[in-house]
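S.K.: Quick one: sequence plus predicted model below, questions after.
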Amino acid sequence: MGQKLDNLEKEVEEEQEDNSNETDSEVNISFSGELSPESVETMIQLTGSILYGTYELMFHIPGWDRAISEFGYSDYPYSDAYAGIYQTGNSKTWMLSAQLDYYYMNRNLTGLALGTLVSPHPYFSVQLKYCRLLETLSDRNDVLTLLDIHLNYNRIKDENFALWWGIGIKGMRGDAYHAGPALNIGAEYFPIQPLSFSVHYNIGFIGAATVDDSQLLVNIHISRLKFTAGYQNYRAGDISFPGIIAGLGIYL
């Protein structure tokens, strides 16, 4: 592996080794004060409100028939000059899109990423992304690949704003293969045709290390095509690769 990509993979391996060498420690916590019945009741009520509000925000799902009738997909963003991904009252219940991105950190470190989003229902989607990072050295070229697979829950489905999150798996292959569970979150805002602004973040837990990928994007929608430009950062532990990306997407 090369200097930069090798450092990223070593960051994961060293975190795993450090974690395996740690010894268990015991922590004792004591509380000697007293709580009044009113304080206990207030804490219970507050805790219940927080838990209920969190559930409503994250997981509340209306009836299946209502979800289909009220939150259908648009044919493609701005197909009616106003709606983004979702269109109120539209009967389309599925969406399929693909994206190809070019990443540039410097002339010696570039990458290509291919992603697809398959959604059989407005509330759920499967997201796949494969990224190949290439580092050009004086004597050879080195490659690091990343694979993300996520099952997303589409939480906010507004004509001008979409928010989703999910769980999945992140894999990384360099000199060896590493993989672990992952979390994913993203949002897209459609202020006016043909523009949208989106943010994406996913993080994988590979042993004791974290490997994450973040994007801040400006998108231009022309019919079924999407032209993308923005900021991209790959990170493992304390090692990060900030750069720029440009891409082309299509809605089917």
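M.R.: Here it is on my side, so go on. Numbering: from 1, shown residues only.
S.K.: list the contacts for Val211?
M.R.: Val12, Leu146, Lys170, Met172, Ile203, Gly204, Arg235, Ala236 (CB atoms under 8 Å, 6 or more residues apart in numbering). Backbone N, C-alpha and C define where each C-beta goes, glycine included.
S.K.: Which strand residues bridge it?
M.R.: Following DSSP bridges, Val211 is listed with bridge partners Gly204, Ala236.
S.K.: and Asp6, what element?
M.R.: helix 3-21 (DSSP states H and E).
S.K.: One more: Trp165?
M.R.: strand 161-173.
S.K.: buried ones in that strand?
M.R.: Under the neighbour-count criterion of 16 or more other CB atoms under 10 Å, strand 161-173 has Phe161, Ala162, Leu163, Trp164, Trp165, Gly166, Gly168, Lys170, Gly171, Met172 buried.
S.K.: The first one contacts Pro191, doesn't it?
M.R.: No. With contacts counted by CB atoms under 8 Å, Phe161 stays clear of Pro191, the gap being 9.5 Å.
S.K.: Run through the residues that contact the spatially closest residue to Pro242 that is not a sequence neighbour.
M.R.: Excluding its sequence neighbours, the residue lying closest to Pro242 (CB to CB, 6 or more residues apart in numbering) is Asn233, at 4.6 Å. For Asn233, the contact set (CB under 8 Å, 6+ apart) comprises Asp213, Ser214, Gln215, Ser240, Phe241, Pro242, Gly243.
S.K.: what about the second one, how many neighbours?
M.R.: Residues lying near Ser214 (other CB atoms under 10 Å) number 16.
S.K.: okay, the closest residue in space to Ala179 that isn't next to it in sequence: pLDDT?
M.R.: Closest residue to Ala179 apart from its sequence neighbours, by CB to CB, 6+ apart: Gly171 at 4.2 Å. At Gly171, the model reports a pLDDT of 92.
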